[in-house]
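>>> next one to model:
(one chain, ligands or ions: 1)
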Amino acid sequence: MLSKKIEKALNGQINAEIYSSYMYLSMSAWFEQAGLAGLATWMQQQTQEEMFHAMKMFNFVNERGSRVILGAIDKPPTDWQSALDVFKDTLAHEQKVTSLINDLTNLALDERDHATNIFLQWFISEQVEEEAGVGAIVDKLKLIGKDSSGLFALDQELGQRVFTPPAK
Ligand code: FEO
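Numbering: from 1, shown residues only. Just a heads-up that it's a prediction; the model follows:
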């Protein structure tokens, strides 16, 4: 069983992962109306990936004999100035999530909860990948600038993304 502190913190992180999923869905909607269907698809895959993160935590809390309590999900932003603006927000958001995961891991260490600490290692590695992937897209969008053919090519490329849940 989890300590009450860890249980509360993991419930908070479930909420943060579902919020991430919801925010990326809002970004997908923005890309749809901007005529960037590939980037809209990329964001929908991201939405699924975040829901996978939330479910991984949901299942862990249950497995440990503790209680999942779902709360309200905040309203996500709905408007951006450009594709670069969206991905800059995405990067800032992922950096914030990384710090939440680090805080959670520190709490697990303080509480001497080794199982939760080991569980969180997967998320620590995942955040490295997420920040690197999104950072690379931000760099490409900066290079593209106002070149619409470059943006079209990137839209085509990123629209190929398919999220496949990891086996474990
Ligand atoms: Fe669940 Fe994008 O971190």
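
>>> all contacts plus neighbour counts: C-alpha atoms, from now on.
Fine.

>>> where's the residue of the chain at minimum distance from the ligand, which helix or strand?
Closest residue of the chain to the ligand, Cα to the nearest ligand atom: residue 50 (4.7 Å). Using DSSP states H and E, residue 50 sits in helix 37-63.

>>> name the helices or strands packed onto that helix?
Counting by 3 or more Cα pairs under 8 Å, 6 or more residues apart in numbering; DSSP states H and E, the packing neighbours recorded for helix 37-63 are helix 4-33, helix 148-158.

>>> packing partners for the shortest one?
Spelled out, it's helix 148-158. helix 37-63, helix 114-144.

>>> can you give me how far that helix is from the chain middle?
A distance of 23 Å separates the centroid of the chain from that of helix 148-158, by Cα atoms, centre = their mean, to the nearest Å.

>>> same question, stretch 98-115
19 Å.

>>> and if you look at stretch 49-68?
Using Cα atoms, centre = their mean, the distance between the centre of stretch 49-68 and that of its chain works out at 15 Å.

>>> what pLDDT, on average, does it get?
Averaged across stretch 49-68, the pLDDT comes to 98.

>>> what residues does this protein put near the ligand?
Residues of the chain found near the ligand (Cα under 6 Å from any ligand atom) are 17, 50, 53, 94, 97.

>>> do that again at 5 Å, thanks
residue 50 (Cα under 5 Å from any ligand atom).

>>> one step back: and the following helix or strand past the helix holding residue 50, what does it pack against?
For helix 37-63, the following helix or strand on the C-terminal side (DSSP H and E) is helix 83-110. If you count contacts as 3+ Cα pairs under 8 Å, 6+ apart, helix 83-110 packs onto helix 4-33, helix 114-144.

>>> one step back: for the residue nearest to the residue of the chain closest to the ligand when sequence neighbours are not counted, grab the count of nearby residues.
Residue nearest to residue 50 in three dimensions, not counting chain neighbours: residue 21, with 4.9 Å by Cα to Cα, 6 or more residues apart in numbering. Using other Cα atoms under 10 Å as the criterion, residue 21 is surrounded by 25 other residues.

>>> does residue 21 touch residue 45 like I think?
No: contact criterion Cα atoms under 8 Å: residue 21 and residue 45 do not qualify, at 9.5 Å.

>>> what is the burial count for residue 5?
Using other Cα under 10 Å, residue 5 is surrounded by 12 other residues.

>>> I should have written residue 70 there, sorry.
Applying other Cα under 10 Å, I find that residue 70 has 12 neighbouring residues.

>>> again with residue 35
With other Cα under 10 Å as criterion, residue 35 counts 12.

>>> quick one: low-confidence ranges for this protein?
168 (pLDDT under 70).
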